[in-house]
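1. let's see this in three dimensions:
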Amino acid sequence: MTMEPWKKNLAICCLASFIVSIGMSQMAPILPLYIRELGISDPNEIARWSGIVFGANFISLAIFSPIWGRLSDRYGRKPMVLRASCALGLVMICLGLAQSVYQLAILRLIQGTMTGFQAAVIPLIAQETPKDKSGWAMSMFFTFQVTGGLMGPVFGGWLSEIIGYRHSFFFIGTCCLLGCLALTRLHETKRPQPKMADTSDTSLAGMFRKLPHPNAVIGLFLTTLLLHFSLTCIMPILTVYVHFLDPTNEHIAVVAGVIFSSAGFASMLFASKLGHLSDTRGPQVVLFGCLLLAGIVSVPQGIVTSPWQLAVLRFIHGIAMAGLIPSVNALIRVLTPSECLGRVYGFNQSFQFIGMFTGAFIGGSLVAAIGIRNMFFLTAVLLLINAAWFRVTIRRQMRD
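-> The predicted structure follows:
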C-alpha cells in the first residue's frame, strides 16, 4: 500500500527532527565543560560565557527566522529545509574547531543566522498536511522532537567522556548532516507561484493585510513568547529547587534529571492524543484547556515539600505542554493563507526565541529578587492570564 505524500513528508521530517534533536540537545550539558577546556577557569566566568554562548543563538534566530520564512514563501519550503539542516551540521562541526570562547560565541551567532531548522520544517509540514490533520501532524513532529531532546543529554554526556568535547561537536554536526540527507527525500507538492509573489505586496504590512484575523495571529505570537518564557525561566532553577527540597540527598543531579525528564516523557506520551483531539474538537479548545492546566498545576509546584511531588506535578505540566505548542502551530495554519505561511511561522519562531532568551536571562534575576517558590506562582499567574485573554479575545475574533 502506497503511503500518501503528506504522510511520507511527515515521516521524513519527524525522522530528521529526531536525529537533529538528539544532536543539538547533547550540547547543553557539555557546553560549560567545553568553555573550561578553551581556557576559562573561573567558575563565574564559565557561567557568564555559558549564558552568552547559549543565548547568542537565540538572538540571531529571532532576527533571521522571518527573513528565511519570507524566502520559503518565494522559493519553496524544501530548499529552506535543506539549507537549514546542512548549515546546522557545518556550524556544529566548526564549533568543535573553535580555539577561544570568542570564536564559540561568533559561531553561535552564525548558527542562528544561517540555520533555523524548526522555522523551515514547520511551514512545510503545515503546507503539505490537510488542514483537518494538521493538529495530529504537528503533535507527531513535536513527539519526535521531544524524544530526541530527552535522549540527547544522557547520550551526549556519556559520549563526551569517551571521545572528548571537541569530537562530540563533530558527532553532533554529523547527526545534523544525516538529518539533511534524510530530508533530500522530501517531495514538495505545493510549490509557491513566483509571478504571484513578485506582484503581491511582500511588506510586513502587506503580509498582515492578507491575514483574515491578524489580531488573533499576533495573540498567538504573544502566547508562544509567554510559553517559552515560562519554560526557560523555570528549567535552570530546577536543580537548585531540588536541593532546597532535599538538602541531604547525595544524588541531586540524578533526581533533578528525572524531574526534568518527567515533563518531556509526558509530552512524548500525550502529544499524539492531544493532536487527534485538536483535529476533532479544534486546536483553540486544546490550547485553552492546556493553558488552564499549565497555570493551575504551576501553583502546587511552588508549595511542594519533596522532590517526588515535584516530579508528579512536572509530569502533569508536560501533558499541558504537549497540547500547547502543537496547538499554536495548528491554529496558525488555520488562520494563515499559504502565500505567507513561511513568514508567519518565521515570526512565531522569533517570538519563541525571544521568550527563551528573556526567560534564561531574566529568570535568574527574578529568582534572586522574589525567591524560588514565588517564581512558580508568577508563572502560574502569567499562564492563567494568558488563558483568560485567549478565551475572551482570540476565540471571539475567530468566531467573527
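2. show me which parts of stretch 248-255 are buried, residue by residue.
-> Across stretch 248-255, burial judged by 16 or more other C-beta atoms under 10 Å covers Ile252, Val255. Every residue, glycine included, has its C-beta placed from N, CA and C.
3. now for the top helix by length along the chain, which elements pack on it?
-> Ranked by residue count, the top helix of the chain under DSSP state H comes out as helix 43-75. Applying 3 or more C-beta pairs under 8 Å, 6 or more residues apart in numbering; DSSP states H and E, one finds that helix 43-75 contacts helix 27-37, helix 77-95, helix 101-114, helix 117-128, helix 194-199, helix 341-370.
4. so where's the stretch 51-200 of the chain shaky on pLDDT?
-> Flagging of the stretch 51-200 of the chain using pLDDT under 70 yields the residue ranges 154, 191-200.
5. go with 80
-> Confidence mapping of the stretch 51-200 of the chain against pLDDT under 80 gives the ranges 51-52, 54-56, 58, 115-120, 131, 149-161, 190-200.
6. any idea of the pLDDT on Val312?
-> Note for Val312: predicted pLDDT of 93.
7. could you list every residue that touches it?
-> Shown in contact with Val312 (C-beta atoms under 8 Å, 6 or more residues apart in numbering): Ser262.
8. next one: the helix or strand where it lies to chain centre, how far?
-> Assigning secondary structure by DSSP states H and E places Val312 in helix 307-335. Counting by C-alpha atoms, centre = their mean, to the nearest Å, helix 307-335 is centred 12 Å from the centre of its parent chain.
9. before we move on, what about stretch 55-73?
-> That offset, for stretch 55-73, works out to 14 Å (C-alpha atoms, centre = their mean).
10. repeat for stretch 353-369
-> Distance of stretch 353-369 from the chain centroid (C-alpha atoms, centre = their mean) equals 16 Å.
11. stretch 46-57 too?
-> Using C-alpha atoms, centre = their mean, the offset of stretch 46-57 from its chain centre is 18 Å.
12. now stretch 8-18
-> For stretch 8-18, the distance to the chain centre is 16 Å (C-alpha atoms, centre = their mean).
13. what's the answer for stretch 160-177, then?
-> With C-alpha atoms, centre = their mean, you get 22 Å for stretch 160-177.
14. contact partners of that stretch?
-> 19-20, 22-24, 26-27, 29-30, 33-34, 37, 85-86, 88-97, 156, 159.
15. again, only this time at 7 Å
-> Residues outside stretch 160-177 that contact it (C-beta atoms under 7 Å, 6 or more residues apart in numbering): 19-20, 22-24, 26-27, 30, 33-34, 37, 85-86, 88-90, 92-93, 95-96, 156, 159.
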